[in-house]
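S.K.: Sequence first, predicted model second:
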Amino acid sequence: MASNTIKRIQELKKSRNAVILAHNYQRGEVQDIADFRGDSLELSQQATRTKADIIVFCGVHFMAETASILNPQKKVLLPDASAGCPMADMITAEQLRQKKKELPGATVVTYVNSTAEVKAESDYCCTSANGVKVVNAIKSKEILFVPDQYLGDYISKKTGKPMHLWPGYCPTHVKILPENIIQRKKEHPKAKVVVHPECRPDVIALADEVASTSGMVRYAARDDVKELIVGTEVEIVHRLTKENPGKKFIPASNKAICPNMKKITLEKVLDSLETLTPEVRVPEEIRVRALIPVERMLEIV
Ligand code: SF4
């Protein structure tokens, strides 16, 4: 029974001195048992602050890796080791090394949705919440942005800085199409539209606001927002609804589901706390190199 599972998770969390972090795209019941919910930036900041010995990361592999990069002395658990991110896998360290040879003067800005090996080859990391700030802070005239072409395009337009863009994308966000937004606006004419910068540019062009999931949480709380069409992974609606009683949140597309985010269940969280597996640990040689762009990012925000 779910209530027994939750009770056992709470007990083990105490006895193991563990903290549970959950991304905004996690199943509602997993978000509800977490100590902290947020986007990748908030969760990586939380990971640096925690006094817990064990971090149970309810998210995908690169997020657990980032927590491990920042906390080598802690045990980081990812309740389902197969929860990966297809976008992160769209560039390898070898491909990035090759591209750097082609663009020897370029500063490499890497979206946090990337493997530790790719971060280790990068100058700066950024998230969807701070990408504009990070790119604005870079003096270099030439920038290579990897792996998300759409986030890169959005940041490039916002900062006015042309960038070389790696052709990666999020398979979940590209399912949101302009016609979905147009249809939803017809159905809910008074609603505002917020979309994630991983969406296609023709979707972004139809939005009132472009925001990371933490930005969406703030936007949804505004007094002038009563009804909101939300262009990102559908599960964000769980948190928005819970935190804003009386307001209406409509997913832009019900197809925008990240199957990897859904791999984590309450049962797997419990199992992970019981067995202290599966652990995500970044090899030290990669970790120390990957830490540099992550710390540069955290200094800017
Ligand atoms: S929503 Fe997209 S970017 Fe985020 S984990 Fe899933 S596939 Fe990766």
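M.R.: Thanks, I have it.

S.K.: how about the longest helix along the chain: buried residues?
M.R.: Using DSSP state H to assign secondary structure, the helix with the most residues in the chain is helix 284-300. Neighbour-count burial for helix 284-300, counted by 16 or more other CB atoms under 10 Å, picks out Ile286, Arg287, Arg289, Ala290, Leu291, Ile292, Pro293, Val294, Arg296, Met297, Ile300. For every residue, glycine as well, the C-beta is placed using N, CA and C.

S.K.: So among the residues you listed, where is pLDDT lowest?
M.R.: Minimum pLDDT across these is recorded for Ile300, with 90.

S.K.: so that residue sits right up against Gly131, yeah?
M.R.: No. With contact defined as CB atoms under 8 Å, Ile300 does not reach Gly131; the gap is 10.4 Å.

S.K.: circling back to that earlier point, which helices and strands does the longest helix of the chain pack with?
M.R.: Packing partners of helix 284-300 (3 or more CB pairs under 8 Å, 6 or more residues apart in numbering; DSSP states H and E): helix 40-49, helix 61-70, helix 116-120, strand 124-126, helix 131-137.

S.K.: Can you lay out those as JSON lines showing mean neighbour count?
M.R.: Output for the helices and strands packed on helix 284-300, formatted as JSON lines (neighbours: other CB atoms under 10 Å):
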{"stretch": "helix 40-49", "mean neighbour count": "20"}
{"stretch": "helix 61-70", "mean neighbour count": "26"}
{"stretch": "helix 116-120", "mean neighbour count": "25"}
{"stretch": "strand 124-126", "mean neighbour count": "28"}
{"stretch": "helix 131-137", "mean neighbour count": "20"}
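
S.K.: Next, find the distance separating Ser128 from Glu94.
M.R.: Between Ser128 and Glu94 the distance, using CB to CB, to the nearest Å, works out to 26 Å.

S.K.: Just want to know which of the two has more residues nearby.
M.R.: Higher neighbour count among Ser128 and Glu94: Ser128, with 26 against 11, using other CB atoms under 10 Å.

S.K.: is it true that the more buried one touches Asp39?
M.R.: Yes. With contact defined as CB under 8 Å, Ser128 counts as touching Asp39 (7.0 Å).

S.K.: Who are the contact partners of Lys185?
M.R.: Ala191, Val193, Leu206, Ile229 (CB atoms under 8 Å, 6 or more residues apart in numbering).

S.K.: Take the helices and strands packed on helix 284-300 and write them to CSV, including mean pLDDT and distance to the ligand.
M.R.: Output for these, formatted as CSV (pLDDT from 0 to 100; distance: least, CB to the nearest ligand atom, whole Å):
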stretch, mean pLDDT, distance to the ligand
helix 40-49, 86, 9
helix 61-70, 95, 8
helix 116-120, 98, 14
strand 124-126, 97, 14
helix 131-137, 97, 14
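
S.K.: nearest to His238, of these?
M.R.: Distance to His238, taken as CB to CB, is lowest for helix 40-49 among the helices and strands packed on helix 284-300, at 16.5 Å.

S.K.: Go ahead and name everything in contact with that closest one.
M.R.: Applying CB under 8 Å, 6+ apart, the set of residues contacting helix 40-49 is 19, 21, 23, 36, 38, 55, 57, 59, 63, 66-67, 70-71, 112-113, 127-130, 212, 214, 294, 298, 301.
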